[in-house]
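S.K.: Starting from these lines, generate the structure:
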Amino acid sequence: MKKILCLILLLIFLLSAGCSKKDSFENDLNALLPPENAEDFDLTMTLLEISRLFDPSADPALMNNELQQMADRIKTDLGDEANDERIVEIFNKHIFEDESFKYNKSVIDSKDNNKPLSPQEWLDIRLMHKVISRRDGVCSELSYITLMLGEKTGLPICIIGVPGHAYARYQPAGKSPINIEATSSGNEYYDYEDKYNPVCRGESEYYGKCMSDREAVGFYLGILGGVFRSMKDYKKSDPLFKKALELCPKNPGFYWDNAEMHWRVEDFEGAIVLMEKALEIDPESSELNACTGWLYKSIKRNFKAEQYFEKALRLDPNSRFSADNLEELKKTK
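M.R.: I've put the predicted structure just below:
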């Protein structure tokens, strides 16, 4: 009897310790984020402090100072320059030539050699203090370097998300914008909808639009949420996705990402709720409709599944996933 009582007490302790750990992470995360509706906050330090949350050895003050020195050199070279193209040219030269920021070589090698990186390797690539130290990153983190230096130089720079990609934009009021594509040393690129289209068609209120600083923080949290989901560390990925959606409520991709976390643990109903919220934002996405159809099929709600697969095929007649699933459902009738 004593042994059973001890086991029960141990189980209670372990459960409470697990809850405390989760609560502690969520509390630490909440403490770093800008207050509700706040737009005037230190974006750079917020991103660096988030980075330290996952690597206590990070020194946000040191990295912030390093970025400030870069910004001061940019401002000196800009002087009273008024030509927008010239401003962006000088800005890019400092980042991609003088400071030698570039695309991460390990990601290139992994693609060339068909050897996927581990989630831990992806985390190292995505933490902002490591991006600054190594002078490399992938599209989103390199764009964040551009965004943070924009904040420190006072230049009107924002970050933009499209399905599968992120880039920066110089957006002077009342003038034509200039895209800054970090993966090609700042050179302009515009046909993102054609090149990056794995999830949505770019027709939502979110894709292709300048993010506010709050949305940019949310976007970064969503990226990290995906890394921890890959690690199967749902105690971190769940609050990261929830906070990402609070800060970026118009991003259908984060509903998709969060839904994936639910269906991985076979919570298909929870995943459906999230996917239908994504479809409220972007109802004309073939991929979102097809995925929702698959989720309904997984819980044997075949009539609903058929409706979503049929809509997915109307939007994209070449969707083999939708066609194959629809054919399979019709054979079961």
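S.K.: okay, CA-based contacts and neighbour counts for the rest of this
M.R.: Will do.
S.K.: need the contact list for residue 86.
M.R.: For residue 86, no residue counts as a contact, taking CA atoms under 8 Å, 6 or more residues apart in numbering as the criterion.
S.K.: where's it relative to residue 96, distance?
M.R.: For residue 86, the distance to residue 96 under the criterion CA to CA, to the nearest Å works out to 15 Å.
S.K.: Could you do residue 119 as well?
M.R.: Going from residue 119 to residue 96 by CA to CA gives 27 Å.
S.K.: do the same with residue 301
M.R.: For residue 301, the distance to residue 96 (CA to CA) stands at 52 Å.
S.K.: Looking at these two now, which is surrounded by more residues?
M.R.: residue 96 (19 against 13; other CA atoms under 10 Å).
S.K.: quick one: residue 159 is in a strand?
M.R.: Yes. Assessed with DSSP: H, G, I helix; E, B strand; the rest coil, residue 159 lies in a strand.
S.K.: Near it, how many residues? Count them for me, please.
M.R.: Using other CA under 10 Å: residue 159 sits among 25 other residues.
S.K.: tell me the SS of the residue nearest to it when sequence neighbours are not counted?
M.R.: Distances taken as CA to CA, 6 or more residues apart in numbering place residue 168 nearest to residue 159, at 4.3 Å, with adjacent residues excluded. At residue 168 the chain is in strand, as set by three-state DSSP.
S.K.: wait, residue 168 sits on residue 162?
M.R.: No. Residue 168 is beyond contact range of residue 162, at 11.2 Å (criterion: CA atoms under 8 Å).
S.K.: Compare the two (neighbour count), which wins?
M.R.: With neighbours defined as other CA under 10 Å, residue 168 and residue 162 compare such that residue 168 has more, 28 against 23.
S.K.: which residues does residue 52 contact?
M.R.: When contacts are counted by CA under 8 Å, 6+ apart, residue 52 is found next to 58-60, 129.
S.K.: swap the cut-off to 7 Å and go again
M.R.: Neighbouring residues of residue 52 by CA atoms under 7 Å, 6 or more residues apart in numbering: residue 58.
S.K.: and residue 247, how far is that from residue 279?
M.R.: Taking CA to CA as the measure, residue 247 falls 18 Å from residue 279.
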